[in-house]
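Enquirer: okay, here's the prediction I keep looking at, along with the sequence it came from:
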Amino acid sequence: MKFKLALIAAVLSVGTAAFAQTKWDLPAAYPASNFHTENLTQFANDIDKATAGKLKITVHANASLFKANEIKRAVQGGQAQLGEILLANFENENPIYGADGLPFLASSYPAARKLADAQKPALDKLLGAQGMKLLYTVAWPPQGVYANKELTSVADMKGLKWRAYSPATSKIAELVGAQPVTVQAAELSQALATGVVNSYMSSGSTGYDTKTYESIKYWYDVQAWLPKNAVIVNKKSFDALDAATQAAVLKAASDAELRGWKISEEKNEFYKKALAEKGMKIMAPSPKLVADFRQVGSIMKTDWTKRAGADGEALLSAYEKSTATKK
């Protein structure tokens, strides 16, 4: 009898090991309906399918598990196995994170893609030193300026209550004379409705998701930059997976990156049209406003280059080389 019980226990043990399931949490800062979050959900589903349910990833949207500025630390410390962050949010930690937040350095999808490629080696190095691994990045649509009044130059922005969500957006406020107010994406709708802020720089996607058109009527399509979200994974968690599961994660990440960039570009025009239908005036910036912003961008690039050191120089050199075209 004891032998039979031992045999049964052994069989059950083998069965449990064979069907062991790993569960991961993936915190994200944006609504479930946002295209980045929808892409994350597809990423998780692809992994579930590829591993036959061996690795299950739960996406926690809209900062429901960790706030936007807490996600990186949560992944680094192992409180979450992986997460999605806005790279530019962490420029104060290291300037490399903010390369895609420099105004007019890369203001189109092809340029932003080349900047992402130039930035990747430095990001791999940075994240690796912190016990993390970069899985993929996806750009937001080009950034414009939301304001509660008409703007013909940056002088018109003086005194505006400007939403600052990253070092770059805080610096812009400083340079144009606006009042920076730190507001993360999940709190933006309320901040607009209560008048905490009356201007900010972001894509058509954020304006649509947060119903900015209910509080602000002008959006200037300055196409300043295309910041990227990055999906990062705790290296210990990744290394603990078997080789086949690791391969499935990397394949799903590669697919998510290609899909995300494509959707971002397709959604760009959709968002602008949708905002216009909601009563927002989609404005082409005046030559003066563009020139002023380019001057702001030049100041910020000079400052960034000084702070970024050799890694920053290598990044810019690689990017500029990739954008050089033969006449």
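Expert: Structure received.

Enquirer: all contacts plus neighbour counts: C-alpha atoms, from now on.
Expert: Fine.

Enquirer: assumed residue 93 was part of a strand.
Expert: No: using DSSP: H, G, I helix; E, B strand; the rest coil, the assignment for residue 93 is coil, not a strand.

Enquirer: quick check: it vs residue 224, distance?
Expert: For residue 93, the distance to residue 224 (C-alpha to C-alpha, to the nearest Å) stands at 23 Å.

Enquirer: which one's more surrounded, the two?
Expert: Shown here are residue 93 and residue 224; by other C-alpha atoms under 10 Å, residue 224 has more neighbours (25 against 10).

Enquirer: contact partners for that one?
Expert: Listed by C-alpha atoms under 8 Å, 6 or more residues apart in numbering, the contact set of residue 224 reads 103, 104, 106, 107, 142, 143, 144.

Enquirer: repeat that for 6 Å
Expert: Contacts were defined as C-alpha atoms under 6 Å, 6 or more residues apart in numbering; by that measure residue 224 touches 103, 104, 107, 143.

Enquirer: what do you get for residue 101?
Expert: With C-alpha under 6 Å, 6+ apart, residue 101 has these contacts: 88, 227.

Enquirer: one more: the one 3 residues further on?
Expert: The contact partners of residue 104, taken as C-alpha under 6 Å, 6+ apart, are 224, 225.

Enquirer: go with 7 Å
Expert: By C-alpha atoms under 7 Å, 6 or more residues apart in numbering, the contact set of residue 104 is 224, 225, 294, 297.

Enquirer: look at the second one and give its secondary structure.
Expert: Secondary structure state of residue 225, per three-state DSSP, is coil.

Enquirer: skipping its backbone neighbours, what lies nearest the most centrally placed residue in the chain in space?
Expert: In the chain, the centroid-proximal residue (C-alpha atoms, centre = their mean) is residue 229; its distance is 1.9 Å. Leaving aside its chain neighbours, residue 229 sits nearest to residue 86 (4.4 Å; criterion: C-alpha to C-alpha, 6 or more residues apart in numbering).

Enquirer: count of residues packed around that neighbour?
Expert: Residue 86, neighbours per other C-alpha under 10 Å, totals 25.

Enquirer: that one is in contact with residue 232, isn't it?
Expert: No: counting by C-alpha atoms under 7 Å, residue 86 stays clear of residue 232, with 10.7 Å between them.

Enquirer: check which residues of the helix or strand harbouring residue 188 are buried.
Expert: Residue 188 is part of helix 188-193, with elements assigned from DSSP states H and E. Buried residues in helix 188-193, defined by neighbour count with 16 or more other C-alpha atoms under 10 Å: 188, 189, 191, 192.

Enquirer: hang on, residue 84 in a strand?
Expert: Yes: applying three-state DSSP, one finds residue 84 inside a strand.

Enquirer: what's the pLDDT at it?
Expert: At residue 84, the model reports a pLDDT of 98.

Enquirer: what sits against it?
Expert: 27, 28, 229, 230, 231, 232 are the contacts of residue 84 under C-alpha under 7 Å, 6+ apart.

Enquirer: can you tell me the closest non-neighbouring residue to the fourth one?
Expert: Taking C-alpha to C-alpha, 6+ apart, and ignoring the residues beside it in sequence, residue 230 has residue 137 as its nearest neighbour in space, at 4.3 Å.

Enquirer: so the one you found lies in a helix, does it not?
Expert: No: per three-state DSSP, residue 137 lies outside any helix segment and is strand.

Enquirer: can you tell me which helix in the protein is longest?
Expert: The longest helix of the chain (DSSP state H) is helix 287-323.

Enquirer: which neighbouring elements make contact with that one?
Expert: Contacts defined by 3 or more C-alpha pairs under 7 Å, 6 or more residues apart in numbering; DSSP states H and E place helix 287-323 against helix 109-129.

Enquirer: 8 Å instead, please
Expert: Applying 3 or more C-alpha pairs under 8 Å, 6 or more residues apart in numbering; DSSP states H and E, one finds that helix 287-323 contacts helix 109-129, helix 167-176.
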